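A.B. asks: With the input below, show me the fold.
(one chain, ligands or ions: 1)
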Amino acid sequence: MKQLQPRKIVVLSGSGVSAESGLPTFRDAKGLWNSYSWQELASPDGWQRHPEAVLAFYNERRQKAWQAEPNAAHIAIASLEAAYEVVIVTQNVDALHERAGSRHVLHVHGELAYARGTSPTPRRYRIDGEPIVLGQLCEDGTQLRPDIVWFGESVRHFDEAEAHVATAARVLVVGTSLTVNPAASLVQYAHRDAQKALVALEIEDVPRGFTFLQGRATDVVPALAAKWLSEAPPDTR
Ligand code: APR
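C.D. replies: Residues are numbered from 1 along each chain as shown. Just a heads-up that it's a prediction; the model follows:
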């Protein structure tokens with residue numbers, strides 16, 4: 001068991017933390033995968049078959065994410081940096097954690113604000129809320145695609161995320177159904193003695209050792225952040 005770091009917090013977030021900013025989740029009643037097929041729009045196979053439909057799907061999501069604002073949960077999470085080292089491991093592809101002020105964000109499923117080439121060693125380009133169109137090429141001549149990790153592709157930063165979860169004295173899971181691996185498996189690395197909380201409207205199975213705080217992120221997360229800030233260990237750096 002790795003050594004606990006009293007001043008480290010890891011936040012594992014999913015689409016539910018951005019729901020109250022107006023961005024859709026995936027598996028709730030109005031979730032994206034209830035209106036669209038991930039096989040057609042979020043897989044390498046779908047990209048091969050109809051790149052225009054995939055580009056249009058992500059262009060719409062990118063524009064909405066770019067127009068959205070961070071909510072009270074994103075802001076409360078960012079406020080924890082006043083007294084803790086906070087590492088955010090997010091499955092989300094929006095930039096709302098960063099725009100709320102969080103400085104250490106690992107996007108394990110990629111980022112809407114970037115495009116990349118389709119070569120084996122692609123270059124990344126920051127495009128913010130701009131669309132990608134067919135025929136728009138990377139410098140290496142390959143078609144630009146969303147810098148999103150599609151189903152069947154390798155997630156990013158997993159080893160780094162795992163190491164942070166294993167040493168965090170506090171772990172907050174917020175707004176994720178924990179149904180997509182390997183991201184969901186990160187909860188298993190939480191230290192036995194860490195404080196572990198899970199915030200969601202509903203959850204199939206609460207991971208072992210986690211306290212389920214049922215409710216909306218903008219209600220529950222600010223209260224939890226205030227409690228953790230009141231308990232902050234002295235800064236002995
Ligand atoms: N406050 C707190 N939790 C919420 C809120 C809210 N306002 N709204 C929804 N939730 C919770 C739901 O209870 C559910 O547990 O957020 C979770 C959303 O789960 P999913 O829709 O499955 O989204 P997520 O877990 O982020 O999906 C993971 O699946 O398709 C892939 O790449 C995609 O990153 C995504 C991954």
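
A.B. asks: Tell me how this protein divides into domains.
C.D. replies: 5-23+68-109+155-230, 28-66+115-148 (automatic domain parsing).

A.B. asks: For the ligand, find the nearest of those domains.
C.D. replies: domain 5-23+68-109+155-230 (2.3 Å; C-beta to the nearest ligand atom). Any C-beta I mention is one placed from the backbone N, CA and C, and that applies to glycine too.

A.B. asks: one step back: which one of the domains of the chain is the most hemmed in?
C.D. replies: For the domains of the chain, the largest average neighbour count (mean count of other C-beta atoms under 10 Å) is found in domain 5-23+68-109+155-230, namely a mean of 20.

A.B. asks: what mean pLDDT does that one have?
C.D. replies: For domain 5-23+68-109+155-230, mean pLDDT is 98.

A.B. asks: from the chain's centre, how far out does it sit?
C.D. replies: 8 Å (C-alpha atoms, centre = their mean, to the nearest Å).

A.B. asks: how about it, does it reach the ligand?
C.D. replies: Yes. Counting by C-beta under 6 Å from any ligand atom, the ligand has neighbours in domain 5-23+68-109+155-230: 14-16, 19-20, 91, 109, 175-177, 179-180, 199-203, 216-217.

A.B. asks: what residues are up against Ile127?
C.D. replies: Counting by C-beta atoms under 8 Å, 6 or more residues apart in numbering, Ile127 touches Arg62, Ala113, Tyr114, Ala115.

A.B. asks: Mind doing that once more with 10 Å?
C.D. replies: Counting by C-beta atoms under 10 Å, 6 or more residues apart in numbering, Ile127 touches Arg62, Trp66, Glu111, Leu112, Ala113, Tyr114, Ala115, Arg116, Gln136, Leu144, Pro146, Asp147.

A.B. asks: Can I get those residues in CSV including secondary structure?
C.D. replies: Output for those, formatted as CSV (DSSP: H, G, I helix; E, B strand; the rest coil):
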residue, secondary structure
Arg62, helix
Trp66, helix
Glu111, strand
Leu112, strand
Ala113, strand
Tyr114, strand
Ala115, strand
Arg116, strand
Gln136, coil
Leu144, coil
Pro146, strand
Asp147, strand
